[in-house]
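I would like the atomic coordinates for the input below:
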Amino acid sequence: MLEKIFPYLAQQVVEDYNITNGICLDIGSGSGNWGIEIADITDMVVYLVDINGDALAKGVQKAGKRGIEGQIKTIETDVHDMDIPDNFADLIVCRGSIWFWRDRPQGLREIYRVLNQGGVAMVGGGLGRKLPEKYRRPLVEERQKRKKDPEWMYIRSKEYFQKILAEAGINIANFP
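I've put the predicted structure just below:
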């Protein structure tokens with residue numbers, strides 16, 4: 001069910017920030033769901049970035065089936081110390097992998113380091129506003145079951161993200 005959200009998230013990012021050219025990094029991409037959707041609706045070169053080479057290979061296969069393999073590249077690296085140059089990307093997306101990082105502030109510092117000045121980074125685990133209700137409802141119902149776990153809820157809160165951004169030394173004045 002989760003794979004259904006990525007076309008809508010890609011559409012939202014492109015509409016909100018009007019970024020259709022340049023370089024996009026899909027951090028913690030796994031098999032590249034979000035990055036492939038962005039490549040499909042833009043002219044961006046999209047790098048799937050993950051520590052798992054097998055997952056990256058699956059992403060390349062998916063891109064080939066969609067006919068966009070020329071826009072997709074892969075980087076097998078750890079978010080905590082990415083083998084990516086400074087100021088490399090115009091757009092960075094990362095959905096769901098932050099919960100698995102051993103040092104979240106360090107991962108955010110690395111993302112900030114590789115983001116071009118004036119670029120956009122979206123990190124978290126949301127569903128976006130464009131997701132149709134038929135897909136949103138089951139995902140929200142699953143999340144409701146988890147509300148009994150205070151830690152699970154806290155690490156997904158605005159307050160927690162503000163805390164780890166501060167720990168990372170990143171000052172985001174307009175954090176939503």
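
what's the next secondary structure element after the lowest-mean-pLDDT helix or strand in the chain?
Across the helices and strands of the chain, mean pLDDT, DSSP states H and E gives its lowest value to helix 150-154, namely a mean of 80. Following the chain from helix 150-154 toward its C-terminal end, the next helix or strand by DSSP states H and E is helix 158-168.

could I get the average pLDDT for that next one?
Helix 158-168 comes out with an average pLDDT of 93.

give me the distance from it to the chain's centre.
17 Å (CA atoms, centre = their mean, to the nearest Å).

how about stretch 126-135?
With CA atoms, centre = their mean, you get 16 Å for stretch 126-135.

could I get the buried residue list for the strand of greatest length in the chain?
In the chain, assigned by DSSP state E, the strand with the most residues is strand 115-124. For strand 115-124, a neighbour-count test (16 or more other CB atoms under 10 Å) marks 115, 119, 120, 121, 122, 123 as buried. Every C-beta, even on glycine, is put in place using the N, C-alpha and C of the backbone.

quick one: the first one and residue 93 touch, right?
No. Counting by CB atoms under 8 Å, residue 115 does not reach residue 93; the two are 11.2 Å apart.

between these two, what contacts are shared?
Common neighbours of residue 115 and residue 93 (criterion: CB atoms under 8 Å, 6 or more residues apart in numbering): residue 121.

residue ranges with poor pLDDT in this protein?
Within the chain, the stretches with pLDDT under 70 are 1, 173-176.
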